[in-house]
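**Q** my questions are about this predicted structure, shown below with the sequence.
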Amino acid sequence: MLDFLPDFSTVNQVILVVAAFSALVFVHELGHYLAARFTGTRVERFFVGFDVFGLRVEKEWRGTVYGIGILPLGGYCALAGQNDDPRKERWIGAKDELYSKPLWARGLVFSGGVLMNFLFGYLILVAAFMYGIPFIPPVLGELVPGGPATGHGFLPGDRILRVNGKQIQSFEEAAEAIALSGAGGEVTVEAERRDASGIARSFVVSLKGRASGGRGNLNSIGAEPERSRCVAGIVDDPLFAEILAGKLDLNDEILAAEDVEIPENQGQLLQTLLSRRPGETVRLKVRAAGDGTIREVAIPLETYGEWDMGLRIGVGIAGVVPGGPADAAGLLRGDLVVAAEIADSEGGGVRRFASVAQFMAMVNEAALRSVDLLLKRDGREITVRATPRVDPRIDDPERDTLLGVEGEMQGEDGFRIVRILDGSPLRDLASEGDILAGLDSRPLPAGKSIREAVEAASSRAIRLFLRRDGEGVPAAPLAAVPEANLSIRLVPRINLEYRRPMIGVDLAAGPVVAVEAGSFADSRLGGANLLAGARLVAIQYSPDLSSTILRFVFPPGSSQGGGLRTLVAETPEAIRLAPAAAGLRSRIPVSLKTAEEIRPLPFLDAAAAAGRKWVDLSLMVYSVVHKLAVRTLPLDAVGGPVQLFRIIKIADDRGFAYFLYIVALISVNLGVCNLLPFPVLDGGHLVFLLIEWVIGRPPPRLVRETAQWIGLVCLLALMLTVTGYDILHLLRGSG
């Protein structure tokens, strides 16, 4: 759960994080100090660190007390006559006091910290670019099945060139640009793909992202970067700890698996090679991180997935998409789907579900054979039904659409109807100019003619059996499904954005509502008497598949006493002998580092690159503030002190140059944030100076005092909120 905390066990890393944070704050205060000296403003105290409990070392020199405090979190610069609390200002009119200085001098003093952060950040950026920053190339590796990138035709190996018109140099920049579009926001991605002969072809795709589910639930297109062959982590599981001991270490390089060579920067191929070998032990060729020796090791694979154990769960409706089939059919948030029946299906009968995945598979199957024709007209989607038939007036069967229409394909948009023939089954249903976007309630299949798609059409719908509590709902259960008290029929439709059937609901795994008689769950897990109402939260398998470990959350008052419980049973022989056929998959029990490239730049190129990055970051900060204000981005996407410590520590793990790079970015970020027109911050002081310049006198002390207190309270509330989110994400393990 607290994955990164063990990395802080070394004193060196703690010192590094504290030193980096202190340096950023110290540089800011040094800017105020230098600006004060330049304008002739007296500096009363200038400290490195804070002198809490009176623990400090100090010395006065030329009217300024210099010191080192025991708390190493930056420092402070106290100017004559100035205090953030207007009630404590000690301005007596001396010419070397801050408020005795002209507006330009005070403006320079207040902005000195920001200017120093900018300068420091820029110089560190130049040094980092010259040294060579390790960055992740913007090349797609593993794609999330069913994600936006997969649904829009992206493939592993595609290189992202631009996102929303912005040129992309690294995968981090691409992910950042997509995230700032807001969860579910539309992005335009320009990418490049090389064919077998090495010729590059660029293409542009507009797609809607999807909430990532991680910190801030940021926008994502469901794509991961390429992976290297280097081990980044080893599964933390007691079942594997003893077996893997001494065989694999961090930073070891996996060169081959079962005599199949793994190309550099294509470590994700390991998963493809080993995904269908659950319960097996495989041979790896490994290059040791320490001395570079090459050895062969045998390691067991980690098995994952589900098979039909006889558990039948309810699928909870967590949300209903307005206007979707589920909405039109009357489904409500909070409904629990306990079973479904596909109308006119060959198998027939009511089906229960062992998982949310089974429910989604049923929806997919129901949409495989539908005679619904999805048309687009004037920007609207229209569903019509027609009976396909051969047109005897067309000599060439390949030209016969079976729908009595002529037209032409419009790329991914679909088939544009140019002419409707007499006797067409669409004569009274469609109009010339309509675009046929889907058949069988699905997008037109790529590489098929309209005729081929129409020939496969038939009709299906699904009936959902639900349990719903509320007035007006019949209390008597349906005979076919004892746990249900409501039956709803609907027809799934294809979501053209994700190119798959949907009924328009958000789903959540529900409790066990039934157990199949004689099944594994019935005979080895205690059956319905024990499991009814429990929620299955995890399934795990021993390396040799001899045992199946299941974790359930039992409701309060159950025979198990409520809470998380672990049940262990022997895996059935049929599953052990043919795990892949049962739907189980395997993966190597290690994580791999992302592929990285290092590009040291000469001084002039580094200076130009640092300047571009400085501008991009400055504009991005204000963009983030705006998106937070309009709620495009949630507040929990912002990191506080805990996240800052974590980022600096991770940066150090990636090397000295990347550590410098992150410190520089934080320095620029600190400067930009301090310029925000917010009381207490430097930007707030500059706003007061602007008001003074406009009206010819300083704002009244009461106004400044009230604004400062409001600003302080708001700033503290913001810091407590983001720190609270930091701790919450830390406990959840979401970054």
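**A** That came through, no problem. Since this is a predicted model, take the numbers as computed values, not measurements.

**Q** quick one: contacts of stretch 541-549?
**A** 239-240, 243, 278-279, 281, 300-304, 309, 539-540, 566-571, 575-576, 579, 584 (Cβ atoms under 8 Å, 6 or more residues apart in numbering). For every residue, glycine as well, the C-beta is placed using N, CA and C.

**Q** at 10 Å instead, please
**A** The contact list for stretch 541-549 (Cβ atoms under 10 Å, 6 or more residues apart in numbering) reads 237, 239-240, 243-244, 278-281, 299-305, 307, 309, 520, 524-525, 538-540, 566-572, 575-577, 579, 584, 586, 589.

**Q** then stretch 276-283?
**A** 243, 256-259, 270, 273-274, 296-305, 541-546, 571, 575-588.

**Q** quick check on these: which are buried?
**A** 243, 256-257, 270, 273-274, 299-303, 541-543, 545, 571, 575-576, 579-580, 582, 584-588 (16 or more other Cβ atoms under 10 Å).

**Q** so which of the contacts of stretch 276-283 belong to helices?
**A** 243, 270, 273-274, 575-577 (DSSP state H).

**Q** closest to Val694 out of those residues?
**A** Val694 has its nearest neighbour among these in Leu270, at 65.2 Å by Cβ to Cβ.

**Q** surely that closest one meets Ile588?
**A** Yes: with contact defined as Cβ atoms under 10 Å, Leu270 reaches Ile588; the gap is 5.4 Å.

**Q** mutual contacts of these two, please.
**A** By Cβ under 10 Å, 6+ apart, Leu270 and Ile588 have these common neighbours: 254, 257, 282, 284.

**Q** mind listing what's buried in the helix or strand where Arg612 lies?
**A** Using DSSP states H and E, Arg612 falls within helix 603-629. By neighbour count on 16+ other Cβ under 10 Å, the buried set for helix 603-629 is 606-607, 609-610, 613-614, 617-618, 620-621, 624, 627.

**Q** neighbouring strands for the one helix or strand Lys285 maps to, and are they parallel or not?
**A** Assessed by DSSP H and E, Lys285 sits inside strand 281-287. With DSSP bridges as the test, strand 281-287 is paired with strand 253-257 (antiparallel), strand 294-300 (antiparallel).

**Q** and the contacts of the first one?
**A** Surrounding strand 253-257, the residues in contact under the criterion Cβ under 10 Å, 6+ apart are 228-231, 248, 261-262, 264, 267, 269-270, 273-274, 277, 282-289, 292, 294, 296-297, 299, 588, 590, 592-593.

**Q** ok, residues contacting the helix or strand just after that strand?
**A** Proceeding N to C from strand 253-257, the next assigned helix or strand is strand 260-261, under DSSP H and E. With contact meaning Cβ under 10 Å, 6+ apart, strand 260-261 is reached by 255, 269-270, 273-274, 285.

**Q** just checking: what are the partner strands of strand 260-261?
**A** Partners of strand 260-261, by DSSP bridges, with direction: strand 253-257 (antiparallel).

**Q** what mean pLDDT would you report for the strand it pairs with?
**A** Mean pLDDT, strand 253-257: 92.

**Q** one more: stretch 541-558?
**A** Averaging pLDDT along stretch 541-558 gives 88.

**Q** strands along the stretch 101-250 of the chain, start to end?
**A** 134-135, 140-143, 159-163, 166-167, 186-194, 200-208, 210-211, 219-220, 223-225, 227-234 (DSSP state E, counting those that start in this stretch).

**Q** out of the ones you listed, which one sits most buried?
**A** Stretch with highest mean neighbour count among the strands of the stretch 101-250 of the chain: strand 219-220 (a mean of 24; mean count of other Cβ atoms under 10 Å).

**Q** before we move on, back to that, in CSV: the buried residues of helix 603-629, plus distance to Pro698 and pLDDT.
**A** Shown next, in CSV, are those (distance: Cβ to Cβ, whole Å; pLDDT from 0 to 100):
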residue, distance to Pro698, pLDDT
Ala606, 44, 89
Ala607, 41, 91
Ala609, 43, 88
Ala610, 39, 88
Lys613, 38, 85
Trp614, 33, 85
Leu617, 34, 78
Ser618, 30, 78
Met620, 34, 76
Val621, 29, 74
Val624, 32, 74
Lys627, 34, 69
